[in-house]
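Novice: Any chance you could fold what I've pasted below:
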Amino acid sequence: VYAFQLTREFFTKELKKHYLRNNDTDVFSSTWNSVMITFACCGVNGPEDFEAIPYLSHSSLEKATPEACCQRELQSREGMFVNKEACLAGVERFQNRQGCYTVILNSFETYVYLAGALAIGVLAIELFAMIFAMCLFRGIQ
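Specialist: Next comes the predicted model:
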């Protein structure tokens, strides 16, 4: 119903407004970190989305890019970083540079065909069962 509101600009505005970097106690930040780790992406448009977000005062290592944007050998929270220090220092080779909006949109486009094929398969089975039931009903009469 609200698909027209789920734009790139909306997500960018919300990310800049609510994201607290590597703070996993905040639900919004933790969810964004999980999405970025799972889909190997960074921000909505890319790592530049985080330049306007303030740093946490207790971390001297933290730069503009959050650690969730760093490349991992296995795309999960337990996955080892390829090179965390270089990533946080801004070396692009060790960062996920693609924005999450594009990555997630591509994933949905990939799986929408699978969901459509599954729906057509279920419809065919139900149609076959209905025809079979009608044949049984006629045979009883």
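Novice: When you work out contacts or count neighbours from here on, use the C-alpha atoms and nothing else.
Specialist: OK.
Novice: Which other helices and strands does the host helix or strand of residue 122 contact?
Specialist: Using DSSP states H and E, residue 122 maps to helix 100-140. Applying 3 or more CA pairs under 8 Å, 6 or more residues apart in numbering; DSSP states H and E, one finds that helix 100-140 contacts helix 27-39.
Novice: after the helix it packs on comes which helix or strand?
Specialist: Counting by DSSP H and E, the element after helix 27-39 in chain order, helix or strand, is helix 84-88.
Novice: List the buried residues for that next one?
Specialist: Going by neighbour count (16 or more other CA atoms under 10 Å), the buried part of helix 84-88 is 84, 87-88.
Novice: on that earlier part again, let me know the average pLDDT across the helix holding residue 122.
Specialist: Per-residue pLDDT over helix 100-140 has a mean of 93.
Novice: Grab the most central residue of the chain for me.
Specialist: Centroid-nearest residue in the chain, with CA atoms, centre = their mean: residue 35, separated by 4.2 Å.
Novice: Great, nothing more from me.
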